[in-house]
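Peer 1: coordinates for the following, if possible.
(chains A and B)
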Amino acid sequence: MSLIEIKNIIKTYETGETSFRALDEVSLSINSGEFVAIMGASGSGKSTFMNMLGCLDKPTEGDYFLDGTDIMSLNSDELSKIRNLKLGFVFQGFNLISRTSALENVEMPMIYKGISLEKRIEKAKEMLKIVGLENREHHHPNQMSGGQQQRVAIARAIVNDAPIILADEPTGNLDTKTSIEIMNFFVELNEKKKKTIILVTHESEIAEYAKRIVKFRDGKIISDELK
Amino acid sequence: METLKIAIRSLKINKMRSILTSLGIIIGVSAVIIMLSVGEGAKGKISKDISSMGSNLLMVMSGASTSGGVRMNLGSQPTLTMKDAEAILKDCPSVLNVAPILSGNKQIIFANQNWSTGVYGITPSYLTIGLWEIEDGRAITEEDVKNTMKVAILGSTVVTNLFGDLDPIGRKIRIGGMPFKVIGILQSKGQSGMGQDRDDTVLIPITTAQKKLFGSDFPGVVKFINVQAKSEDSLYSAEDEIKALLKDRHNIGQNKEDDFTIRNFTEMMETVKKTVATMTLLLGSIASVSLLVGGIGIMNIMLVSVTERTKEIGIRMAIGAKAMDIRLQFLIEALLLSLAGGLVGVILGVSVSKIINLCSELTTIISPMSIFLSFGFSGLVGIGFGFYPAYKASLLNPIDALRYE
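Peer 2: Model (predicted):
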């Protein structure tokens, strides 16, 4: 079985009397070690799909198996645990906790995993070194550039050794030079650490970094190509 | 443990806000402690008064009669006698002891000093019933009473005013122009609950008072009779027995007014004590209201904090925080605010109580109970008012929370 196995998922949003189908019977399977870009215009359902993938929301109907676990049968606390251990998130807006140092931000997923303080600091420092921020440990997010903040977010995403990294428009707020830098990180994580990377973007230059491109339109997959 | 650290950190970030929020609790807790300590102090003082007055006391006063339609002062009409006192002791089964008293104000002179005070003609039982101790010299004895001795025991206020540093024992003083020998000094009792100086007194044998000092047309006349009942429970039966006995002895008919009055001092003091307890309760509850208001302040700030940190909650949930983790984080924050406030409040309350005790007439007693109570209550307030915001935070949907700006 693939790492991610999605079959015929439907997500319906009720807005007053009319209901809107954001995902219309989407099926997709992703194997371990893949680098997938999910593309589509806004409103194509790619963000909704990402939320389903990230276990932040549950589909209305369908099947979702992540690493063999039936996600549909889990409650919200069990979903939290899956997010904590299996998934790393990198967002467009970085989503670091303000007024908290880089080190503490990276530590945070380990707190919820239940790791001791000593080990946490050691591991968080190691991760910050990987992303090249070893001298920024005690800086707060507002004291760092966008690229640095995104690198802290990447460090946070990989700190619990999650096999999957979900990146939602990770370069959306960055200039071209920094975007290339960040994308090279993802490539490196994919090739050297064998992480499965799923990237949501609407820019084709960014999608070029991936090995597989899945395109969404009107809540459906319209193309799925390997490079 | 981790949650505690997170909570401490986020409180530190908003230092000013945290301090102001705790202020409500600080004021509430210290107010409760101060109010209760003032109340306890008053209660303690009254209890001391009651026990120093002697227990299970009744006072029978002569008079209270009308003289030609004009009501007279209590004790103004000499209607009680030594015989009455003896009869009360003999015929009333609930009575343990009696002390007849004949008193009046007299000028006391020693050398070139003089002092005006109440002079009490007494029998030795007066000392027993009233729990008076002799500090120096000797007490008045049955012999003194029998032989109409011109001897006197002085209260410490009288000693200070007449003798200064001199030892008064054995010295001659003049009471209303009559020479008396000082044979003893009473141990100080201090002020009574009514603010009376109980050490401002001179005691002489009752017979001397009757026959020599307060010359009267009626032999064996007394002004008051202090009566000690056998127990607290027999106070009321003693009162009834005395009433019946005296009515009989004084030939007072059914519809006629008594020529004596009976006062139950213990009961009066108990009433005062109860009133003070009620006042304490009232003050304490008013103070608790401020504690409650402090709690609402905490809830208010926690709700603001939850809204402000919606995004943070979303991030925490996305990276693996469970609903319980979020709930605990905010609950502990609220609890910390209230407990820190409670602790400072206890310190402030205790200090202010001590200052009140030192700098004013009021006595304050800080009971451990009041500290425990107010501190515990502040903790409860923290949990109670922290729960709703914490619960609200934990119910957030991670996607919505992440999108919140």
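Peer 1: and the residue nearest the centre of chain A, which of the three is it?
Peer 2: Residue closest to the mean C-alpha point of chain A, counted by Cα atoms, centre = their mean, is A:L166 at 1.5 Å. Classification of A:L166 using DSSP: H, G, I helix; E, B strand; the rest coil returns strand.
Peer 1: my guess is it contacts A:Q92, does it?
Peer 2: No. Contact between A:L166 and A:Q92 fails when scored by Cβ atoms under 8 Å: they sit 11.9 Å apart. (C-beta placed from N, C-alpha, C; glycine too.)
Peer 1: and the helices in chain B?
Peer 2: Ranges of helices in chain B, per DSSP state H, are B:2-13, B:15-53, B:82-91, B:124-129, B:142-146, B:156-163, B:206-208, B:235-249, B:265-308, B:310-318, B:323-359, B:368-394, B:398-403.
Peer 1: can you list the residues of chain B near chain A?
Peer 2: Neighbours of chain A within chain B, by Cβ under 8 Å from any Cβ of the partner chain: B:2, B:6, B:9, B:13, B:311-312, B:314-325, B:397-399, B:402.
Peer 1: quick one: mean pLDDT over stretch A:141-158.
Peer 2: The average of the pLDDT scores along stretch A:141-158 is 93.
Peer 1: and for that stretch, what's in contact with it?
Peer 2: Applying Cβ atoms under 8 Å, 6 or more residues apart in numbering or on different chains, the contact partners of stretch A:141-158 are A:88-91, A:94-100, A:102, A:105-106, A:108-109, A:124, A:127-128, A:130-133, A:136, A:139, A:165, A:170-171, A:173-175, A:178, A:181-182, A:185-186, A:189, A:193, A:195, B:319.
Peer 1: point out the residues in chain A that sit beside chain B.
Peer 2: Residues of chain A lying near chain B (Cβ under 8 Å from any Cβ): A:51, A:54, A:56-57, A:76-77, A:80-81, A:83-85, A:89, A:91, A:95-100, A:108-109, A:111-113, A:156, A:160.
Peer 1: packing partners of the lengthiest helix in chain A?
Peer 2: Identified as the longest helix of chain A according to DSSP H is helix A:176-192. Counting contacts by 3 or more Cβ pairs under 8 Å, 6 or more residues apart in numbering or on different chains; DSSP states H and E, helix A:176-192 packs against strand A:35-39, helix A:146-158, strand A:164-168, strand A:196-201.
Peer 1: check what pLDDT the residue of chain A found nearest chain B gets.
Peer 2: Residue nearest to chain B within chain A (Cβ to the nearest Cβ): A:N84, separated by 2.4 Å. Note on A:N84: pLDDT of 94.
Peer 1: can you count the residues close to it?
Peer 2: Neighbour count for A:N84, taken as other Cβ atoms under 10 Å in any protein chain shown: 24.
Peer 1: assign it to one of the three secondary structure states.
Peer 2: Strictly by three-state DSSP, A:N84 counts as helix.
Peer 1: got a list of what it touches?
Peer 2: So A:N84 contacts A:P109, A:Y112, A:K113, A:N160, B:I319, B:G320 (Cβ under 8 Å, 6+ apart).
Peer 1: identify the residues contacting the last one.
Peer 2: Listed by Cβ under 8 Å, 6+ apart, the contact partners of B:G320 are A:S80, A:K81, A:R83, A:N84, A:L85, A:P109, A:Y112, A:K113, A:N160.
Peer 1: nearest spatial neighbour of the residue most central in space within chain B, skipping sequence neighbours?
Peer 2: Closest to where the C-alpha atoms of chain B average out (Cα atoms, centre = their mean) is B:K43, at 2.6 Å. Using Cβ to Cβ, 6 or more residues apart in numbering or on different chains and skipping the chain neighbours, the partner closest in space to B:K43 is B:V276 (5.2 Å).
Peer 1: ok, now which ones touch that neighbour?
Peer 2: B:V276 neighbours (Cβ under 8 Å, 6+ apart): B:G39, B:A42, B:K43, B:I46.
Peer 1: ok, what's across the strand from the residue nearest to the centre of chain A?
Peer 2: A:F89, A:I198 (DSSP bridges).
Peer 1: model confidence score at it, please.
Peer 2: 95.
Peer 1: ok, now A:L174?
Peer 2: The per-residue pLDDT of A:L174 was computed as 90.
Peer 1: can you show me the strands along chain A?
Peer 2: Taking DSSP state E as the test, the strands found in chain A are A:4-15, A:18-30, A:35-39, A:61-66, A:69-70, A:87-90, A:164-168, A:196-201, A:212-217, A:220-226.
Peer 1: just the angle between the last one and strand A:212-217, please?
Peer 2: Looking back up the chat, that one is strand A:220-226. Strand A:220-226 runs at 160 degrees relative to strand A:212-217, counting by axes from the mean of the first three to the mean of the last three Cα atoms, to 10 degrees.
Peer 1: the second one now?
Peer 2: Relative orientation of strand A:18-30 and strand A:212-217, computed by the same axes, to 10 degrees: 170 degrees.
Peer 1: in contact with the closest residue to B:N14 other than its chain neighbours, which residues?
Peer 2: Nearest non-adjacent residue to B:N14, counting by Cβ to Cβ, 6+ apart: B:S305, 7.7 Å away. Counting by Cβ under 8 Å, 6+ apart, B:S305 touches B:S10, B:N14, B:F330, B:E333, B:P389.
Peer 1: which of those residues sit farthest apart?
Peer 2: B:N14 and B:P389 (14.4 Å; Cβ to Cβ).
Peer 1: more neighbours: which of these two?
Peer 2: B:P389 (24 against 16).
Peer 1: ok, now which ones touch that one?
Peer 2: B:M299, B:M302, B:L303, B:S305, B:V306, B:F330, B:A334.
Peer 1: and the spatially closest residue to it that is not a sequence neighbour, how far is that from B:K150?
Peer 2: Nearest residue to B:P389 in three dimensions, chain neighbours excluded: B:M302, at 3.7 Å (Cβ to Cβ, 6+ apart). Distance, B:M302 to B:K150, by Cβ to Cβ, to the nearest Å: 80 Å.
Peer 1: over to A:I197?
Peer 2: 116 Å.
Peer 1: neighbour count winner among the two?
Peer 2: A:I197 (26 against 17).
Peer 1: residues near the nearest residue to B:S116 once chain neighbours are set aside, how many?
Peer 2: Leaving aside its chain neighbours, B:S116 sits nearest to B:Q107 (5.2 Å; criterion: Cβ to Cβ, 6+ apart). Using other Cβ under 10 Å, B:Q107 has 13 neighbouring residues.
Peer 1: over to B:N114?
Peer 2: The burial count for B:N114: 13, using other Cβ under 10 Å.
Peer 1: that one against B:Q107, yeah?
Peer 2: Yes. Using Cβ under 8 Å, B:N114 is in contact with B:Q107, at 5.7 Å.
Peer 1: where does the stretch 201-350 of chain B dip in pLDDT?
Peer 2: Within the stretch 201-350 of chain B, the ranges that satisfy pLDDT under 70 run B:216-218.
Peer 1: nearest spatial neighbour of the residue of it found nearest chain A, skipping sequence neighbours?
Peer 2: Proximity to chain A, evaluated over the stretch 201-350 of chain B using Cβ to the nearest Cβ, is greatest for B:G320 at 2.4 Å. Using Cβ to Cβ, 6+ apart and skipping the chain neighbours, the partner closest in space to B:G320 is A:N84 (2.4 Å).
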